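> Pasting the sequence and the predicted coordinates here, then a few questions.
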Amino acid sequence: MRTIRRCQTASDGHNRARFLRAGVAVVAAVCAAAIVGCSRPSALEQARADLAAYRQAPSDSSAARVDASLARLDAEIAELRAKAAAGGGDAQEAARLEEARVELRKQYLTARLEAAGSAARSALEAAGKSLGEQLERAGQKLKDAAGGAKSDEHAP
């Protein structure tokens, strides 16, 4: 009798341990799926975020990030179109993403033109200020030279 109880107790402990390991594995799998699903935004969301960052601080690196995210969006659209052509995808989703891509490209080009215009305006303002200062100095030198020549003419 004593032997039977030991076997049952050992068996119960073994079952509990298996159940606990299975529960932990399920919880870990759910957490991993949640992390993977939440950690990477869609190509469209990433393109929008990169465009917003570019608008805030236009730079070559932020422009490259926008170009890359738009390329990923193009790839996602191409993949959806291929799946739809094979009969396993949603053509409407591909069309919706393409419309969003076209709008994002328009916004991106507008932002790039605004950034270029702003840079050109700043450069022209700096050049104008520098030119104005140089003209003032040249005018002052001419005035000083003309004043010096007049004082020489009236000298006895």
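Thanks, I have it.

> how about the helices in this protein?
Taking DSSP state H as the test, the helices found in the chain are 2-39, 43-56, 60-85, 91-153.

> By mean pLDDT, point me to the weakest helix or strand of the chain.
helix 2-39 (a mean of 52; mean pLDDT, DSSP states H and E).

> Outline the domain layout of this structure.
1-40, 42-153 (automatic domain parsing).

> Now the weakest link among these, please, by mean pLDDT.
Mean pLDDT across these is lowest at domain 1-40; the value there is a mean of 52.

> and residue 105, what is it in contact with?
residue 70 (Cβ atoms under 8 Å, 6 or more residues apart in numbering). C-betas here are computed from N, CA, C, even on glycine.

> how about 10 Å then?
Residues in contact with residue 105 (Cβ atoms under 10 Å, 6 or more residues apart in numbering) are 47, 51, 66, 70, 73-74.

> From those, list the buried ones, please.
With burial judged by 16 or more other Cβ atoms under 10 Å, the buried subset of these is 47, 51, 66, 70, 73-74.

> Quick check: the farthest pair among those residues?
Greatest spacing in the buried ones among the contacts of residue 105, by Cβ to Cβ: 51 and 74 (14.7 Å).

> what's the residue nearest to residue 48 when sequence neighbours are not counted in contact with, if anything?
Spatially, and ignoring its direct neighbours in sequence, residue 48 is nearest to residue 104 (6.8 Å; Cβ to Cβ, 6 or more residues apart in numbering). Counting by Cβ under 10 Å, 6+ apart, residue 104 touches 44, 47-48, 50-51, 66, 69-70, 73.

> Check those and tell me the two furthest apart.
Of all pairs in the contacts of residue 104, the most separated under Cβ to Cβ is 44 and 66 at 12.8 Å.

> How much space separates residue 65 from residue 124?
Between residue 65 and residue 124 the computed distance is 29 Å (Cβ to Cβ, to the nearest Å).

> Great, nothing more from me.
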